[in-house]
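[1] Pasting the sequence and the predicted coordinates here, then a few questions.
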Amino acid sequence: MPFPVQVTARPGDETAYVITKGGEVWALTGGQVQSEPVLDISDRVLSRQEQGLLSIALHPSDPNRFYLHYSDSRGDTVVSEFTFASSLEADPASERVLLQVDQPAPNHNGGMLQFTSDGTLLLGLGDGGGAGDRFNNGQNPDTLLAGLVALTVDGDPNPTKYAMGLRNPWRFWIDDGLIYVGDVGQDAFEEIDVAPLGPGLNYGWPIAEGLHCFRAQECDTT
């Protein structure tokens with residue numbers, strides 16, 4: 001299993017799922033990896049630098065559905081729903097695309113997918129790449145880049161910007177009303193944000209990197 005990047009399972013379920021950066025989903029049962037992947041979409045995935053199959057989320061109430069975040073052949077972000085034929089097999093033809101986002105560079109593609117308690121699917125997206133917020137997305141509310149994106153998986157996905165000011169939120173986790181965001185730093189600082197879960201937060205990039213002003217000795221961090 002080359003380059004695994006995430007493992008997930010439903011509470012109490014004996015089967016866990018591991019994704020590889022190249023575009024495969026594998027089942028892990030009884031501590032053993034199955035001999036064939038559950039799903040192989042490597043023909044759709046560009047695995048290069050920070051691009052690839054980056055995250056998986058299982059539907060919180062429907063065991064037949066799961067969601068993948070991957071870089072398509074052009075390097076752009078795709079979030080899609082797939083369906084299981086069984087716990088050890090999924091149909092590549094079942095793909096339903098929920099979101100496509102143009103990516104101007106091959107880095108800072110974000111990563112994580114996770115459901116909130118109300119069934120909203122959250123996606124982490126970086127600032128578009130380069131260094132120093134090259135594309136000026138960090139404080140731009142009119143782009144889905146540089147923040148967390150909320151999606152509805154039933155009906156119209158209606159993607160909206162849930163939070164902003166993140167450089168590259170590669171991983172985040174929701175627990176007991178809090179969200180923990182691992183945001184990859186520029187040079188001097190790595191950032192772990194802990195905040196009440198809810199829309200509208202601004203994490204400050206590129207005004208600040210962590211708790212420190214990024215482009216000036218003094219800055220407005222409100």
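    Nice, I can see it.

[2] got a list of contacts for the longest strand anywhere in the chain?
    In the chain, taking DSSP state E as the definition, the longest strand is strand 77-86. Under the contact criterion CB atoms under 8 Å, 6 or more residues apart in numbering, strand 77-86 has outside partners 38-39, 44, 63-72, 90-92, 94-101, 103, 109-110, 113, 121, 123, 125, 151, 153. Bear in mind the C-beta positions are built from the backbone N, C-alpha and C, glycine included.

[3] Just the buried residues out of these, in PyMOL syntax.
    Those of the contacts of strand 77-86 that count as buried under 16 or more other CB atoms under 10 Å are selected in PyMOL with:
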select buried, resi 38+39+44+65+66+67+68+69+70+71+72+90+95+98+99+101+103+109+110+113+121+123+125+151+153
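
[4] model confidence over stretch 4-19, on average?
    Computed over stretch 4-19, the mean pLDDT rounds to 94.

[5] Flag every buried residue along it.
    Applying 16+ other CB under 10 Å to stretch 4-19 flags 5-6, 8, 16-19 as buried.

[6] and what of stretch 186-205?
    Residues 186, 191, 193, 197, 201-205 are the ones in stretch 186-205 that count as buried (16+ other CB under 10 Å).

[7] got those as JSON lines, with distance to residue 25 and pLDDT columns?
    Putting the buried residues of stretch 186-205 into JSON lines (distance: CB to CB, whole Å; pLDDT from 0 to 100) gives the following:
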{"residue": "186", "distance to residue 25": "32", "pLDDT": "92"}
{"residue": "191", "distance to residue 25": "30", "pLDDT": "95"}
{"residue": "193", "distance to residue 25": "29", "pLDDT": "96"}
{"residue": "197", "distance to residue 25": "27", "pLDDT": "97"}
{"residue": "201", "distance to residue 25": "31", "pLDDT": "97"}
{"residue": "202", "distance to residue 25": "34", "pLDDT": "97"}
{"residue": "203", "distance to residue 25": "30", "pLDDT": "96"}
{"residue": "204", "distance to residue 25": "35", "pLDDT": "96"}
{"residue": "205", "distance to residue 25": "31", "pLDDT": "97"}
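
[8] Name the pair among the residues you listed with the greatest separation in space.
    The most widely separated members of these are 186 and 197, with 25.8 Å between them, by CB to CB.

[9] rewinding a little: export the longest strand of the chain as CSV, just CAs?
    Taking C-alpha atoms only, strand 77-86 is exported to CSV below (Å, rounded to 0.1, in the frame of the first residue of the first chain):
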residue,chain,number,x,y,z
THR,A,77,-9.9,20.1,-6.3
VAL,A,78,-12.7,17.6,-6.6
VAL,A,79,-15.1,16.4,-3.8
SER,A,80,-17.2,13.5,-4.8
GLU,A,81,-19.7,11.0,-3.4
PHE,A,82,-19.3,7.3,-4.1
THR,A,83,-21.4,4.3,-3.1
PHE,A,84,-20.4,0.9,-1.7
ALA,A,85,-21.5,-2.2,-3.4
SER,A,86,-20.4,-4.0,-0.2
